[in-house]
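> A structural model of the following input is requested.
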Amino acid sequence: MMHTAKVIAGGLALLVVCLLIGRSFGGPTPAVGLATAVKVFVPLWFVAAGINMWVAVTKAGYSVADELPFFLVVFAVGGAARVVAVRATLGVSAVPSPSGRRATIDRPAPRGRNGIASPADLRHGSGPRARPVRVR
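Numbering: from 1, shown residues only. Below you'll find the predicted structure:
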């Protein structure tokens, strides 16, 4: 059990490293970098949890059936940490809502020929304000 806690702690450290790298080098805005970091973390964590399971089966002598529940717990805790990190840093849901409710995000306003939204655009709801979109 102590080994599982150490592996989970290592996974949380990996998540922090991914988030820091994503925030520093991720893209035009910190949110883009953090989203990319979370997308990179999931396959890295899957591979790390798989390597942990492989070592337990080949070196420690456990069977795959014995080790599979631990693999699932280790991977699930990392996945839950990812959801918490996304909600805390980006302020958006990482998983779609079961109710299908809409989330509100900011989108840039459409621009006319001169790069400025016209009063008609603003009146018809295509101006610079938050619009509802379906969460995916």
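
> got the buried residues for the helix or strand that contains Gly50?
Using DSSP states H and E, Gly50 falls within helix 30-58. Buried positions in helix 30-58, judged by neighbour count with 16 or more other Cβ atoms under 10 Å: 31, 33-38, 41, 45, 48-49, 52-53, 56-57. Any C-beta I mention is one placed from the backbone N, CA and C, and that applies to glycine too.

> same check, this time on stretch 12-24
14-15, 18-19, 22-23.

> Sort out for me which of those are in helices.
14-15, 18-19, 22-23 (DSSP state H).

> Looking at the residues you listed, which is nearest Val77?
Minimum distance to Val77 across these is 10.5 Å, recorded for Leu15 (Cβ to Cβ).

> How is this protein divided into domains?
2-90, 102-134 (automatic domain parsing).

> check contacts around the closest residue to Gly33 other than its chain neighbours.
Distances taken as Cβ to Cβ, 6 or more residues apart in numbering put Gly26 closest to Gly33, at 1.6 Å, once the chain neighbours are dropped. For Gly26, the contacting residues are 32-37, by Cβ atoms under 8 Å, 6 or more residues apart in numbering.

> from the buried residues of stretch 12-24, which single one is nearest Thr4?
Leu14 (15.4 Å).

> Next one: that closest one from Leu20, what distance?
11 Å (Cβ to Cβ, to the nearest Å).

> What pLDDT is listed against Gly26?
We have a pLDDT of 70 for Gly26.

> What helix or strand is the nearest residue to Asn52 once chain neighbours are set aside located in?
Spatial nearest neighbour of Asn52, chain neighbours left out: Val7 (5.2 Å); criterion: Cβ to Cβ, 6+ apart. Under the criterion of DSSP H and E, Val7 resides in helix 2-25.

> what does Gly27 give?
Going by DSSP H and E, Gly27 is not in any helix or strand.

> Distance check, Lys39 against Ala5.
Relative to Ala5, and taking Cβ to Cβ, Lys39 is found at 26 Å.

> low-scoring pLDDT stretches of this structure, where are they?
Flagging of the chain using pLDDT under 70 yields the residue ranges 90-136.

> repeat that with 90
1-4, 18-39, 60-61, 78-79, 81-136 (pLDDT under 90).
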